[in-house]
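Asker: sequence? don't have it. structure:
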């Protein structure tokens with residue numbers, strides 16, 4: 001019987017492991033098949049407090065893992081395949097075994113939607129990015145492309161103009177889907193440009209993004225255009241497939257939580273991008289992880305008190 005099982009090994013999950021371990025809950029963290037979440041695939045991390053010189057994403061993941069293990073967290077490289085919620089005991093099934101637990105912290109995160117074109121995966125972290133806030137600083141004076149036409153694409157495109165020489169919005173339609181206020185700000189920004197009715201066919205570069213091949217959807221013609229970086233904003237999807245029909249979600253399948261980070265099932269908490277589709281930062285995910293851990297500790301204390309009263313009765 002576990003006190004708490006944490007599902008996911010990104011910033012939220014590891015922070016929750018640190019906090020629950022320091023509370024002597026002896027948490028079990030199940031990593032999933034992507035160790036470290038999105039932070040482990042980030043090259044330079046310069047905006048995480050306490051590291052003025054910055055550090056590599058995998059390095060930050062390793063430090064957090066060591067910190068969690070130092071306080072007694074157990075980290076298993078395993079993937080959860082099924083979860084059965086109960087009252088008050090929950091069951092978690094993985095590829096290698098089954099567990100019973102009094103509480104669960106879901107920190108499975110969210111994944112950016114990919115373009116699925118040649119060069120995208122090969123040049124990830126070498127000019128291809130899904131986070132302007134994380135990587136924009138490294139493109140000072142460069143020419144960039146932002147793929148997408150919604151609020152996120154325009155917001156991040158505007159942010160990138162603080163660093164870049166030019167930011168072109170590549171959109172498959174002839175008008176943006178972003179809100180009117182954002183569109184007006186973009187129109188007033190001299191660094192913003194637009195490539196309408198177009199999609200990227202492939203990304204090219206020798207160890208670093210150097211150019212893209214664009215297709216005009218009206219004519220079918222293709223052309224090559226030099227560029228230093230590609231930022232993709234065609235959407236995110238939360239990793240909540242395991243919990244479909246079991247936990248309350250919004251219309252985008254993000255988990256719905258209360259002020260204590262609890263989901264619609266008592267004793268089941270969520271932390272990070274699995275519910276947060278606004279901030280999507282390492283520091284905010286860490287904060288959510290600590291909040292979920294503290295709420296879990298309090299829930300378990302109340303549960304023990306309730307069970308003790310039942311036994312006494």
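Answerer: Nice, thanks for sending it over. Nothing here was measured: the structure is a model prediction, and the numbers come from that model.
Asker: between the two ends of stretch 259-277, how far is it?
Answerer: Chord length of stretch 259-277, first to last residue, is 16 Å (C-alpha to C-alpha, to the nearest Å).
Asker: wait, residue 295 touches residue 268, no?
Answerer: No. Counting by C-beta atoms under 8 Å, residue 295 stays clear of residue 268, with 10.8 Å between them. To be clear about C-beta, it is placed using only N, CA and C from the backbone, and glycine gets the same treatment.
Asker: any shared contact partners between those two?
Answerer: residue 262 (C-beta atoms under 8 Å, 6 or more residues apart in numbering).
Asker: show me which of those two is the more surrounded one.
Answerer: Taking neighbours as other C-beta atoms under 10 Å, residue 295 and residue 268 compare with residue 268 leading, 24 against 21.
Asker: give the contact list for the more buried one.
Answerer: So residue 268 contacts 85, 90, 103-104, 106, 247, 262 (C-beta under 8 Å, 6+ apart).
Asker: can we see that at 10 Å?
Answerer: When contacts are counted by C-beta atoms under 10 Å, 6 or more residues apart in numbering, residue 268 touches 83, 85, 90, 101, 103-106, 243, 246-247, 255, 257, 261-262, 296, 299.
Asker: repeat for residue 207
Answerer: Contact partners of residue 207, counting by C-beta under 10 Å, 6+ apart, are 122-123, 126-127.
Asker: by neighbour count, which of the residues you listed wins?
Answerer: residue 127 (23 neighbours).
Asker: and the gap between that one and residue 60?
Answerer: 21 Å (C-beta to C-beta, to the nearest Å).
Asker: ok, now residue 271?
Answerer: Residue 271 is 17 Å from residue 60, where distance means C-beta to C-beta.
Asker: likewise for residue 221?
Answerer: Taken as C-beta to C-beta, the span from residue 221 to residue 60 is 44 Å.
Asker: more crowded one of those two?
Answerer: residue 60 (21 against 10).
Asker: which residues of the stretch 201-313 of the chain score low on pLDDT?
Answerer: Scanning the stretch 201-313 of the chain for pLDDT under 70 picks out the ranges 309-313.
Asker: any chance you could map the helices in it?
Answerer: With DSSP state H, counting those that start in this stretch as the criterion, the stretch 201-313 of the chain has helices at 282-312.
Asker: isn't residue 127 up against residue 228?
Answerer: Yes. Contact criterion C-beta atoms under 10 Å: residue 127 and residue 228 qualify, at 6.5 Å.
Asker: now do the shared contacts for these two.
Answerer: With C-beta under 10 Å, 6+ apart as the test, residue 127 and residue 228 both reach 138-139, 142, 144, 205, 208-210.
Asker: surely residue 58 meets residue 36?
Answerer: Yes. Between residue 58 and residue 36 there is a contact under C-beta under 10 Å: 6.7 Å.
Asker: higher neighbour count, the two?
Answerer: residue 36 (23 against 16).
Asker: excluding chain neighbours, what is closest to the more buried one?
Answerer: residue 61 (3.7 Å; C-beta to C-beta, 6 or more residues apart in numbering).
Asker: ok, residue 217 to residue 195 distance?
Answerer: Applying C-beta to C-beta, the value for residue 217 to residue 195 is 11 Å.
Asker: actually residue 97, not the one I typed
Answerer: Residue 97 is 51 Å from residue 195, by C-beta to C-beta.
Asker: what about these two, which has more around it?
Answerer: Using other C-beta under 10 Å, the more surrounded residue of residue 97 and residue 195 is residue 195, with 17 against 9.
Asker: can you give me the strands in the stretch 201-313 of the chain?
Answerer: For the stretch 201-313 of the chain, applying DSSP state E, counting those that start in this stretch gives strands covering 211-216, 222-226, 229-232, 236-238, 268-270.
Asker: okay, those strands, which one's buried deepest?
Answerer: strand 268-270 (a mean of 28; mean count of other C-beta atoms under 10 Å).
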